[in-house]
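In: this one's structure only:
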């Protein structure tokens, strides 16, 4: 079942994304195309087909050893920060006042 613009508007609102009516219309069409592609894949008979977890068999988790090293000073940490107070970054609130009162 295709998504309506009202449903997509609700999704982008929840994600706090501002879209124009043109962008909303474009996104609705793109999401519906993605869902159609998924539906086409779901219609395939994959009985007996082993799942492919990764196309390359010889991959592994490549991580360095966790080694204790000196950390940055606060002045280095905050050198590119837009705003900070004491030892904390200052960021704008992300919740509306109405949500804070819940």
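Out: Yes, it's here. Since this is a predicted model, take the numbers as computed values, not measurements.
In: tell me the pLDDT of residue 98.
Out: pLDDT for residue 98: 54.
In: over to residue 44?
Out: Predicted confidence (pLDDT) for residue 44: 93.
In: what of residue 25?
Out: 96.
In: and the most centrally placed residue in the chain, how far from residue 27?
Out: The residue lying closest to the centre of the chain (Cα atoms, centre = their mean) is residue 15, at 9.3 Å. Separation of residue 15 from residue 27 (Cβ to Cβ, to the nearest Å): 11 Å. For every residue, glycine as well, the C-beta is placed using N, CA and C.
In: how about residue 80?
Out: Counting by Cβ to Cβ - residue 80 and residue 27 are separated by 32 Å.
In: higher neighbour count, the two?
Out: residue 27 (18 against 6; other Cβ atoms under 10 Å).
In: give me the nearest residue to the more buried one, chain neighbours excluded.
Out: Leaving aside its sequence neighbours, residue 27 sits nearest to residue 8 (Cβ to Cβ, 6 or more residues apart in numbering; 5.9 Å).
In: next, count neighbours for the one you found.
Out: By other Cβ under 10 Å, the residues close to residue 8 number 19.
In: over to residue 24?
Out: Other residues near residue 24 come to 17 when the count uses other Cβ under 10 Å.
In: repeat that for residue 3.
Out: 16.
In: looking at the chain, which helix is longest?
Out: helix 21-42 (DSSP state H).
In: please compute how far the next helix or strand after that helix lies from its chain's middle.
Out: Where DSSP states H and E defines the elements, the next helix or strand beyond helix 21-42 is helix 74-77. Counting by Cα atoms, centre = their mean, to the nearest Å, helix 74-77 is centred 28 Å from the centre of its parent chain.
In: residues of helix 74-77 that come out buried?
Out: Within helix 74-77, no residue is scored as buried using 16 or more other Cβ atoms under 10 Å.
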